[in-house]
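>>> This is a predicted model, with the sequence first.
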Amino acid sequence: MDDFYQWAGILAGILSIAGYVPYIIGILQGTTRPNRATWLIWALVGGLLAFSYMQSGDAHSIWLPLGYFVGPFVTMILAFRYGYVAWSRLDTVCVVAALLSLIPWIFSHNPLMTLMINVVIDATGAIPTLIKTYQEPETEDFWAWLIFFAANTIELFAIETWNLASVYPVYLFFLAGFITLFTFLDKVKKRKHAHPGRNN
């Protein structure tokens, strides 16, 4: 049974990396415009979360957190050159909050508490992208987020022991789910406008 959890975790990790292929291609083509604040926070907190999750979670499901550190780091670099230009007060607040999260991370000797704090900060960093995607879903890549959602779903099956550390993969599942939904509804809306006769 241990092999099942291990392979589920590895598959989730592979998919989490694979999702960045269409995402990065979209950035370079100009069709995807990532929010700079979000990816800066996700790269920073992603590294902290991966380290914390490795200490407090089970080893079979560590691959997804690792994938979600490497991917955001590369995306962050691209975002500052090709990303969404607008920088709001909310973006600044989220970045400051993420930086402040370094304080308890450095001084805390409890990996689980650090994980919980950073999940909250990571979710705060997701707010600008969630709002942007809801308002301008065309700025995000549907296929990339669908792959992320698939990875996050499989990751839930890689959890051998459900505890507080499981909050992280559950959070990722809902985050990718909402962004996938927003981009999917936009594709449906555009298809209806392109073929109005099919609504009859």
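That came through, no problem. Numbers count the residues shown, from 1 in each chain.
>>> can you map out the helices along the chain?
Remark: helices assigned in the chain by DSSP state H are 2-18, 20-29, 36-56, 63-82, 89-100, 102-107, 111-135, 142-157, 167-194.
>>> Turn the ones you listed into TSV, including mean neighbour count and mean pLDDT.
C-beta here means a position set from N, CA and C on the backbone, and glycine is covered the same way. Shown next, in TSV, are the helices of the chain (neighbours: other Cβ atoms under 10 Å; pLDDT from 0 to 100):
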stretch	mean neighbour count	mean pLDDT
helix 2-18	18	81
helix 20-29	17	94
helix 36-56	23	77
helix 63-82	20	83
helix 89-100	15	80
helix 102-107	13	74
helix 111-135	20	85
helix 142-157	22	93
helix 167-194	16	90
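>>> hang on, isn't residue 154 packed against residue 15?
Yes - counting by Cβ atoms under 8 Å, residue 154 touches residue 15, with 6.8 Å between them.
>>> Residue 78 reaches residue 28, doesn't it?
Yes - with contact defined as Cβ under 8 Å, residue 78 counts as touching residue 28 (7.4 Å).
>>> How much space separates the nearest residue in space to residue 40 that is not next to it in sequence from residue 137?
Counting by Cβ to Cβ, 6 or more residues apart in numbering, residue 40 lies nearest to residue 76, which is 5.4 Å off, once chain neighbours are set aside. Residue 76 is 21 Å from residue 137, where distance means Cβ to Cβ, to the nearest Å.
>>> try residue 10
In terms of Cβ to Cβ, residue 10 sits 31 Å off from residue 137.
>>> show me the contacts for the residue nearest to residue 40.
By Cβ atoms under 8 Å, 6 or more residues apart in numbering, the residues touching residue 76 are 36, 39, 40, 42, 43.
>>> okay if I get the residues you listed as a markdown table plus distance to residue 188?
Below are the contacts of residue 76 laid out as a markdown table (distance: Cβ to Cβ, whole Å):
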| residue | distance to residue 188 |
| --- | --- |
| 36 | 28 |
| 39 | 27 |
| 40 | 31 |
| 42 | 27 |
| 43 | 32 |
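>>> Closest to residue 121 out of the residues you listed?
Of all the contacts of residue 76, residue 121 sits closest to residue 42, with 10.0 Å by Cβ to Cβ.
>>> who touches the closest one in this structure?
68, 72, 75, 76, 122, 125, 126.
>>> got it, and residue 95?
Residue 95 touches 37, 40, 41, 125, counting by Cβ under 8 Å, 6+ apart.
>>> same thing but 7 Å
37, 40, 41 (Cβ atoms under 7 Å, 6 or more residues apart in numbering).
>>> ditto for residue 18
Neighbours of residue 18 in contact, by Cβ under 7 Å, 6+ apart: residue 147.
>>> roughly how far apart are residue 188 and residue 99?
Counting by Cβ to Cβ, the gap from residue 188 to residue 99 is 39 Å.
>>> same thing with residue 36?
15 Å.
>>> got the end-to-end distance for stretch 154-173?
By Cα to Cα, to the nearest Å, the extent of stretch 154-173 from end to end equals 9 Å.
>>> Distance from that stretch to the middle of the chain?
Put simply, stretch 154-173 sits 14 Å off its chain's centre (Cα atoms, centre = their mean, to the nearest Å).
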